[in-house]
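Participant: structure, please.
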Amino acid sequence: MFIHIPPALKHRRFLLLWSGLLISVAGSRMQFAAILWHIRSLSDQPIALGGIGLARVVPIIIFSLVGGAIADVFDRRKILFVTQSVLIATASTLAWLTWSGNIQLWHIYALTVVEAMTAAFDLPSRQALTPNLVPVHDLPNAFSMQSMAFTVGAIAGPALSGLFIGYLGLSAVYITNAITYLGIILALVMMGPVAQQHSPSEKKAPVSLTAIREGITFIFERPIILSSMILDFFATFFSAANALMPIFAVDILHVGEIGYGWLLAAESVGSALTAGILSQFDNIRHQGKILLGAVISFGIWTIVFGVSRWYWLTFVALALMGASDTVSMVIRNTIRQLRTPDYIRGRMTSVNQIFFMGGPQLGELEAGLVAQFFGAPLAVITGGLGCIAAVGWIAKRWPELRTYEGEEAS
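Facilitator: Next comes the predicted model:
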């Protein structure tokens, strides 16, 4: 089989967005790794690491539905200009506070809240913009390529973060992240205006409770979309443990900043390889069974991660977690976007954001609480078991997800 250029990358505007994401995600993941290490250096309590999940999830729950409604009404490209500019400002503030020696835990939590608020508006616009950049038959490939951009950036980010922390300091990580957001801004400038559909019933003040309720109703009336979101939530809630990685690195595996950075990159190594393989396929059949199997695999390798006391076994387990999650993510995104009309995609994405971002962030808080009282390994092991149990319940509750073949909505 010859390796070919992925179909989605043949569309110039998507290629620009994809390239910007590749740069920006690397910086974001650098910062995430640095923040966890920073918190660990300021407090040795596991709950302090879990608190970052709480700082992320509350703004997402509060603002996501509004962000989705705005993405369906206003120009998504212009929204992204604003959100990326805010993210530059928050990363720069974090860099200045760290460099000046005035940084405290509450500063990190407060700036994380601002970032999460911004993400509540950024993600619905960015994901809803993607179907406007490629034809429908290339959409699964586009999401596979986006997954690759995120995972390649997430490999480089933590790995570089370890080097930066060790040799240049935490403030260098934060200012580098601020610079990388310019990648998406440049892509938005170069792609020019992007047409999008609007609801035929749109009123002068469409960002309203009625518009938000329409998005929620749309999800609950479509079992395939709803069940995929619930599956995402429980899998990430039970198996989220990245916030505990500094504890595993220092106290269990006994490695420094560089080893820690590669541990955080390990999931993305598996994800990138898997996304590259998936990009060579034009279509995936038996999607329901593959989706459920991928999430079960995610739970199994989470358990291995919690049990392991050897660095390379931990690395492999994390990489296979990432591979499983990528298969799941590509199928979930394809199901949702193909079965959602363009005029309501932003609101669908905003509801989905509560599930797929709320799950891991609440999971980080839950893992921190369990680790506080019972230790980090048990927090991860019980999470993996919970993930597998959730798959069994969802497969029984929504059999149409299990039998879904991957056909497009009519």
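Participant: which of the three states applies to residue 194?
Facilitator: Recorded secondary structure, residue 194: coil (DSSP: H, G, I helix; E, B strand; the rest coil).
Participant: that one: neighbour count?
Facilitator: Using other Cβ atoms under 10 Å, residue 194 has 15 neighbouring residues. Where you see a C-beta, it was placed from the backbone N, CA and C, and this is true even at glycine.
Participant: for the helix or strand containing residue 47, which positions count as buried?
Facilitator: Element membership of residue 47 [criterion: DSSP states H and E] is helix 46-73. Buried residues in helix 46-73, counting neighbours by 16 or more other Cβ atoms under 10 Å, are found at 46, 48-61, 63-73.
Participant: can you pull the contacts of the residue nearest to residue 315 when sequence neighbours are not counted?
Facilitator: Nearest non-adjacent residue to residue 315, counting by Cβ to Cβ, 6 or more residues apart in numbering: residue 266, 4.7 Å away. Residue 266 makes contacts with 314-316, 318-319, 322, as judged by Cβ atoms under 8 Å, 6 or more residues apart in numbering.
Participant: give me that answer again for 10 Å
Facilitator: The contact partners of residue 266, taken as Cβ atoms under 10 Å, 6 or more residues apart in numbering, are 154-155, 158-159, 245, 305, 312, 314-322.
Participant: one more: residue 353?
Facilitator: Neighbour list for residue 353: 60-61, 63-65, 67-68, 119-120, 122-124, 127, 229 [criterion: Cβ under 10 Å, 6+ apart].
Participant: report the two of the residues you listed separated the most.
Facilitator: Across the contacts of residue 353, the longest distance by Cβ to Cβ is 19.1 Å; it joins 122 and 229.
Participant: element containing the residue nearest to residue 315?
Facilitator: Assessed by DSSP H and E, residue 266 sits inside helix 257-278.
Participant: got the buried residues for that helix?
Facilitator: Neighbour counts using 16+ other Cβ under 10 Å place 257-258, 260-276, 278 of helix 257-278 among the buried residues.
Participant: so residue 261 touches residue 32, yeah?
Facilitator: No: with contact defined as Cβ atoms under 10 Å, residue 261 does not reach residue 32; the gap is 11.0 Å.
Participant: list the residues that contact both of the two?
Facilitator: Joint contacts of residue 261 and residue 32 (Cβ under 10 Å, 6+ apart) are 157-158, 161.
Participant: give the ChimeraX command for selecting the buried subset of these.
Facilitator: Selecting the buried subset of those in ChimeraX, with 16+ other Cβ under 10 Å as the burial test, is done by:
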select :157,158,161
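Participant: which of the shared contacts of residue 261 and residue 32 fall within helices?
Facilitator: By the criterion of DSSP state H, membership of the shared contacts of residue 261 and residue 32 in helices covers 157-158, 161.
Participant: tell me the secondary structure at residue 349.
Facilitator: Residue 349 ends up helix, using three-state DSSP.
Participant: what number of residues lie near it?
Facilitator: Counted with other Cβ under 10 Å, the neighbours of residue 349 add up to 28.
Participant: contacts only, for it.
Facilitator: If you count contacts by Cβ under 10 Å, 6+ apart, residue 349 has them with 64, 67-68, 71-72, 123-130, 215, 333, 336-337, 340, 356.
Participant: point out where the stretch 301-410 of the chain drops to low pLDDT.
Facilitator: For the stretch 301-410 of the chain, applying pLDDT under 70 flags the ranges 356, 406-410.
Participant: what about the helices in it?
Facilitator: Using DSSP state H, counting those that start in this stretch, the helices of the stretch 301-410 of the chain run over 311-338, 345-374, 376-397, 399-402.
Participant: quick one: the second one to helix 311-338, angle?
Facilitator: Our comparison of helix 345-374 with helix 311-338, counting by axes from the mean of the first three to the mean of the last three Cα atoms, to 10 degrees, yields an angle of 150 degrees.
Participant: with adjacent residues omitted, what lies nearest to the residue positioned nearest the centre of the chain?
Facilitator: The chain has residue 357 as the residue nearest its centroid, 6.7 Å off, counting by Cα atoms, centre = their mean. Nearest non-adjacent residue to residue 357, counting by Cβ to Cβ, 6+ apart: residue 60, 5.1 Å away.
Participant: how much space is there between the one you found and residue 351?
Facilitator: Distance, residue 60 to residue 351, by Cβ to Cβ, to the nearest Å: 11 Å.
Participant: cool, and residue 236?
Facilitator: Residue 236 is 15 Å from residue 351, by Cβ to Cβ.
Participant: in the stretch 101-250 of the chain, which ranges drop under the pLDDT threshold?
Facilitator: Low-confidence segments of the stretch 101-250 of the chain (pLDDT under 70): 195-208.
Participant: residue ranges of the helices in it, please?
Facilitator: Taking DSSP H, counting those that start in this stretch as the test, the helices found in the stretch 101-250 of the chain are 105-129, 139-167, 170-180, 182-191, 209-220, 223-239, 245-247.
Participant: residues of the first one that come out buried?
Facilitator: By that I understand helix 105-129. For helix 105-129, burial by neighbour count (16+ other Cβ under 10 Å) applies to 108-109, 111-129.
Participant: repeat that for the third one.
Facilitator: Neighbour counts over helix 170-180 (16+ other Cβ under 10 Å) mark 170-178, 180 as buried.
Participant: next, the angle from that helix to helix 139-167.
Facilitator: 150 degrees.
Participant: counting contacts, what elements does helix 170-180 pack onto?
Facilitator: When contacts are defined as 3 or more Cβ pairs under 10 Å, 6 or more residues apart in numbering; DSSP states H and E, helix 170-180 sits against helix 12-42, helix 76-100, helix 139-167.
Participant: CA atoms only for it - export them in PDB, please.
Facilitator: Taking Å, rounded to 0.1, in the frame of the first residue of the first chain, the C-alpha atoms of helix 170-180 are listed here in PDB:
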ATOM      1  CA  LEU A 170       9.300  27.600  34.000                       C
ATOM      2  CA  SER A 171       8.900  31.200  32.800                       C
ATOM      3  CA  ALA A 172      10.600  30.200  29.500                       C
ATOM      4  CA  VAL A 173       7.900  27.500  29.000                       C
ATOM      5  CA  TYR A 174       5.100  30.000  29.500                       C
ATOM      6  CA  ILE A 175       6.400  32.700  27.200                       C
ATOM      7  CA  THR A 176       7.100  30.100  24.500                       C
ATOM      8  CA  ASN A 177       3.500  29.000  24.700                       C
ATOM      9  CA  ALA A 178       2.300  32.600  24.300                       C
ATOM     10  CA  ILE A 179       4.400  32.800  21.100                       C
ATOM     11  CA  THR A 180       3.000  29.600  19.600                       C
END
